[in-house]
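Colleague: sequence? don't have it. structure:
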């Protein structure tokens with residue numbers, strides 16, 4: 001079996017606070033893997049390490065067969081990242097934004113032009129290609145966020161709460177796009193979300209992280225079976241993580257995820 005992501009003993013500490021504590025798991029090529037957990041459990045910190053934005057304190061991770069520390073540039077060539085916040089220039093059009101990001105990845109101009117048109121049509125934004133991104137609705141912005149992450153045709157896609165705050169119709173359409181990228185596009189996807197029905201519908205397997213540690217890793221069906229025959233994924237999640245409300249600490253010494261994209265200029 002070929003693995004797209006391999007993680008062994010991955011740890012990240014900020015002073016005395018251990019955000020991710022020795023986690024280990026593998027994600028197969030073409031798998032859609034859900035990483036779930038309460039606020040502050042370590043999901044986003046894990047993604048940042050896998051995307052080379054944060055350097056692990058200990059442990060090892062390979063993405064696309066490359067070490068995230070020793071071969072960070074090779075990792076960045078092979079991944080696309082979608083966060084809950086739009087990473088784009090508000091005062092530019094979608095085509096202008098994609099031109100910048102595509103050139104950061106060293107794309108051929110003709111290939112970039114063709115792929116920009118294909119992706120904008122895929123998410124129904126082609127008619128708005130000359131509009132300023134700053135005037136987009138939240139749904140349009142998130143659809144463009146996905147296009148921006150896909151412009152260089154990455155092998156592996158990280159989706160960090162891609163449907164948060166969206167209306168049901170837009171969220172439904174984005175879930176459909178995620179499914180197509182995985183099943184038809186053969187993309188490996190790591191998804192984080194707080195929507196249990198979304199994780200249940202999309203994920204081949206789910207890892208649940210709590211207090212920086214993986215507390216469960218299995219298929220959605222098997223996780224639900226831990227509780228009972230009629231249990232939901234939410235039932236299983238609460239059984240494994242408890243009912244205590246979590247407040248996520250502010251880690252001021254973390255780099256912004258957006259820095260990843262500007263570092264893409266070193267890919268050429």
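Modeller: Okay, I see it. Bear in mind the structure is a predicted one, so any value in this text is a computation, not a measurement. Residues are numbered from 1 along each chain as shown.

Colleague: pass me the low-pLDDT residue ranges in this structure, would you?
Modeller: 1, 246-268 (pLDDT under 70).

Colleague: so which strand or helix has the residue with the largest distance to the centre of it?
Modeller: Most distant from the centre of the chain: residue 229, at 30.8 Å, with distances by C-alpha atoms, centre = their mean. Under the criterion DSSP states H and E, no helix or strand holds residue 229.

Colleague: check residue 74 too.
Modeller: Per DSSP H and E: residue 74 is located in helix 72-77.

Colleague: which residues touch the top helix by length along the chain?
Modeller: Criterion DSSP state H: the longest helix present in the chain is helix 168-183. Residues from elsewhere that reach helix 168-183, judged by C-beta atoms under 8 Å, 6 or more residues apart in numbering: 30, 32, 122-123, 138-139, 142-143, 146, 150, 157, 159, 162-163, 166, 187-189, 191, 195, 198, 201-202. Where you see a C-beta, it was placed from the backbone N, CA and C, and this is true even at glycine.

Colleague: tell me which of these fall in strands.
Modeller: Members of these lying in strands (criterion: DSSP state E): 32, 157, 159, 188-189, 191.

Colleague: residue 6 against residue 62, yeah?
Modeller: Yes - judged on C-beta atoms under 8 Å, residue 6 makes contact with residue 62 at a distance of 4.6 Å.

Colleague: helices along the protein, start to end?
Modeller: With DSSP H as the criterion, the chain has helices at 43-50, 72-77, 94-104, 109-122, 138-150, 168-183, 196-202, 220-225, 233-241, 259-262.

Colleague: so can I have TSV of those helices showing distance to residue 14 and mean neighbour count?
Modeller: Listed next are the helices of the chain as TSV, based on distance: least, C-beta to C-beta, whole Å; neighbours: other C-beta atoms under 10 Å:
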stretch	distance to residue 14	mean neighbour count
helix 43-50	9	25
helix 72-77	20	18
helix 94-104	29	20
helix 109-122	36	15
helix 138-150	26	21
helix 168-183	31	16
helix 196-202	27	18
helix 220-225	30	17
helix 233-241	21	19
helix 259-262	17	16
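
Colleague: how about a markdown table for these, with distance to residue 129 added?
Modeller: Formatted as a markdown table, the helices of the chain follow (distance: least, C-beta to C-beta, whole Å):
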| stretch | distance to residue 129 |
| --- | --- |
| helix 43-50 | 29 |
| helix 72-77 | 26 |
| helix 94-104 | 5 |
| helix 109-122 | 6 |
| helix 138-150 | 10 |
| helix 168-183 | 18 |
| helix 196-202 | 28 |
| helix 220-225 | 38 |
| helix 233-241 | 38 |
| helix 259-262 | 20 |
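
Colleague: out of these, which comes closest to residue 87?
Modeller: Closest to residue 87 of the helices of the chain is helix 259-262 (C-beta to C-beta; 5.5 Å).

Colleague: and the protein, what are its domains?
Modeller: Segmentation of the chain into domains, based on automatic domain parsing, reads 1-78+158-187+200-268, 87-154.

Colleague: tally of neighbours for the closest residue in space to residue 207 that isn't next to it in sequence?
Modeller: Spatial nearest neighbour of residue 207, excluding adjacent residues (C-beta to C-beta, 6 or more residues apart in numbering): residue 217 at 4.5 Å. Counted with other C-beta atoms under 10 Å, residues neighbouring residue 217 total 18.

Colleague: wait, residue 217 sits on residue 208?
Modeller: Yes - if you go by C-beta under 8 Å, residue 217 and residue 208 touch, sitting 7.4 Å apart.

Colleague: so who does the closest residue to residue 161 other than its chain neighbours touch?
Modeller: Nearest non-adjacent residue to residue 161, counting by C-beta to C-beta, 6+ apart: residue 84, 4.5 Å away. Counting by C-beta under 8 Å, 6+ apart, residue 84 makes contact with 160-162, 164-165.

Colleague: and if we set it to 7 Å?
Modeller: The contact partners of residue 84, by C-beta atoms under 7 Å, 6 or more residues apart in numbering, come to 160-161, 164.
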